[in-house]
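>>> I need the structure of the sequence given here:
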Amino acid sequence: MKAVAGLDAASARMPRVLCVRPETIRISPAGTVAAEDDCNTLDGRVTDAVYTAGTFRYQVDIGAGAPVAVRLPSIRQVPMFVHNQSVTLTWPASATLLIPKD
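Down below sits the predicted model:
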C-alpha cells in the first residue's frame, strides 16, 4: 500500500491500520482497471450492496478479516454491483491514512 506520509525507519516497522474514507474509494468490475502509480488497488468480492438515500453502499471482502466500505453517489452512470461480484477497489495514495495499531 502507498500512503503519503513520512515515516522514520523505526515507526515504519510498527503495525498500522490502514484507513480510507468510503467515498474516496472507486469500485470497478474486476480486471477493468489499469494500475496507476499514485493509487492503491485491492481486489475483492461484494458481500453487501444497498441503495439508500441516493447512495450506493457496498461492503467488499478483500480477505483481510474486515470488509471494506465503499459509498458512491447514485448519479454515476454505473449499474449497481451485485452480491458476490468480483470487483477492484482503487483510491489515491494521498487519501490513505496509516494509524498505529495498539
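
>>> list the residues that contact Q85.
P29, R45, V46 (Cβ atoms under 8 Å, 6 or more residues apart in numbering). Where C-beta positions appear, they are placed from N, C-alpha and C, glycine not excepted.

>>> so what's the gap between the longest strand that the chain contains and the chain middle?
Longest strand in the chain by number of residues (criterion: DSSP state E): strand 39-52. Distance, stretch centre to chain centre, for strand 39-52: 7 Å (Cα atoms, centre = their mean, to the nearest Å).

>>> name the helices or strands packed onto it?
When contacts are defined as 3 or more Cβ pairs under 8 Å, 6 or more residues apart in numbering; DSSP states H and E, strand 39-52 sits against strand 55-61, strand 86-92.

>>> buried residues in it, which are they?
C39, N40, T41, L42, G44, R45, V46, A49 (16 or more other Cβ atoms under 10 Å).

>>> any idea which of these is the one closest to I62?
G44 (4.0 Å; Cβ to Cβ).

>>> shouldn't the closest one be in contact with V68?
Yes. Between G44 and V68 a contact is recorded at 6.7 Å, counting by Cβ atoms under 8 Å.

>>> find residues that contact each of these two.
With Cβ under 8 Å, 6+ apart as the test, G44 and V68 both reach V60, I62, L89.

>>> out of these, who's the most crowded?
V60 (24 neighbours; other Cβ atoms under 10 Å).

>>> need the contact list for that residue.
Contacts of V60 by Cβ under 8 Å, 6+ apart are I27, L42, G44, R45, V46, T47, P67, V68, A69, V70, V87, L89.

>>> go again with 10 Å.
Going by Cβ atoms under 10 Å, 6 or more residues apart in numbering, V60 touches 25, 27, 42-49, 67-70, 81, 85-89.

>>> show me where pLDDT drops low in the chain?
Low-confidence segments of the chain (pLDDT under 70): 1-12, 76-78.

>>> again, 80 this time
The model of the chain has pLDDT under 80 over residues 1-14, 16, 33-37, 75-79, 101-102.

>>> related to what we said a few turns ago, out of the buried residues of strand 39-52, the closest to V33 would be?
T41 (6.7 Å).
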